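> got a predicted structure plus its sequence, pasted below:
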Amino acid sequence: MHPQLFSIGPFTLHTYGLFVALGFLLGLLVALKIGQQQGIVPQQVLDMGFIILFSAVLGSRLLYVLMNWSYYSQRPWGILEIWNGGLVFSGGAVCAIAAIVWYARHKNLALLKLADLWAPAAAIGQGFGRIGCLMAGCCYGKATRIPWAVTFTDPEALAPLHQALHPTEIYHAVSGFAIFGILLFLHKKKSYTGRVFIWYLLLHSFSRLLIERFRGDDRGMLFQTGMTVTQFVSTLILAGAFITIIILKSRWKKEEACGK
């Protein structure tokens, strides 16, 4: 693939960073559009966008560094080199959700309404971000003989070179775009507040559990469980989201019945 698009003197445009930035901008535009339909002030959407971006990058990078501490303990300066790839969604999601909770309380806004607003934005942002992963060679898959395998040859790529690998980056990207489409459909259907966000958690966690089986990079095993950190976190999120969707749907049905 092409980890670096071009260099001008000391400046190098990394493809990974470009697609992450593109994903953020598209996600922000989606959030602005949905926010306009829901009567949310555009400036508040912009403020939340940059708060979420900072917290998500910080959290996802921190978890990646902790999962690969043996490497970064020897190269501490590499912790800041996020343009080369190395972000873990689980860590970013936790920090981003915490940021939304803080902002909602600080501005006295409905938390679940904000969560619904940002769910589709997160999905499309991840879709484009995964294309950046493919360009950089991070988040690569296991060796395989399937016809659609990818082979990295660029010496700057983070994936093993000259080996046929599962294109897990493409699996993630397709999953993100598919989830984005489903969430937009759910936004158009009248239902309880929080439905879009909870379905985002359900769909994303389920897809991560499936795709994780094909990942070939070091995933960081959780103690002696045989599960990766991502699998463990995704399982917890999946279980929590499933329980929450039952509770929210039950409350909504009761409110609908009382309103008739």
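Received, thanks. These numbers come from a predicted model, not from an experiment.
> list the contacts of residue 242.
By Cβ atoms under 8 Å, 6 or more residues apart in numbering, the contact list for residue 242 reads residue 202. (Each C-beta comes from the backbone N, C-alpha and C, glycine too.)
> what about it, which helix or strand?
Assessed by DSSP states H and E, residue 242 sits inside helix 229-259.
> enumerate every residue touching residue 166.
Residue 166 is in contact with 140, 141, 142, 144, 146, 149, 214, 215, 216, counting by Cβ under 8 Å, 6+ apart.
> quick check: which of the residues you listed has the minimum pLDDT.
Lowest-confidence member of the contacts of residue 166: residue 216, scoring 89 (pLDDT).
> phi, psi of the spatially closest residue to it that is not a sequence neighbour?
Closest residue to residue 216 apart from its sequence neighbours, by Cβ to Cβ, 6 or more residues apart in numbering: residue 142 at 3.9 Å. For residue 142, the backbone dihedrals are phi -80, psi 160 (criterion: degrees, to the nearest 10).
> just give me the neighbour total for residue 142.
Residue 142 has 14 neighbouring residues, counting by other Cβ atoms under 10 Å.
> surely it touches residue 218?
No: counting by Cβ atoms under 8 Å, residue 142 sits too far from residue 218 to count as a contact (12.0 Å).
> so what's residue 96 closest to, chain neighbours aside?
Distances taken as Cβ to Cβ, 6+ apart place residue 56 nearest to residue 96, at 4.2 Å, with adjacent residues excluded.
> who's in contact with that neighbour?
Residues in contact with residue 56 (Cβ under 8 Å, 6+ apart) are 92, 93, 95, 96, 99.
> so who does the fourth one touch?
To tie it back to what came earlier, the one meant is residue 96. Residue 96 makes contact with 52, 55, 56, 59, 122, according to Cβ under 8 Å, 6+ apart.
> now the fourth one: closest residue in space that isn't a chain neighbour?
Same thing as residue 59. Per Cβ to Cβ, 6+ apart, closest to residue 59 is residue 95, 2.8 Å.
> and the gap between the residue nearest to residue 216 and residue 258?
53 Å (Cβ to Cβ, to the nearest Å).
> check residue 206 too.
Distance, residue 206 to residue 258, using Cβ to Cβ: 33 Å.
> please say which of the two ends up with more neighbours.
Each of residue 206 and residue 258 has its neighbours counted (other Cβ under 10 Å); residue 206 has more, 16 against 7.
> in what helix or strand does the more buried one lie?
Counting by DSSP H and E, the element that carries residue 206 is helix 195-212.
> check residue 58 too.
Secondary structure assignment for residue 58, by DSSP H and E: helix 42-67.
> what's the angle from that helix to helix 229-259?
Interaxial angle, helix 42-67 versus helix 229-259 (axes from the mean of the first three to the mean of the last three Cα atoms, to 10 degrees): 150 degrees.
> buried ones in helix 42-67?
45, 48-49, 51-53, 55-65, 67 (16 or more other Cβ atoms under 10 Å).
> distance check, residue 39 against residue 117.
For residue 39 relative to residue 117 (Cβ to Cβ), the value is 11 Å.
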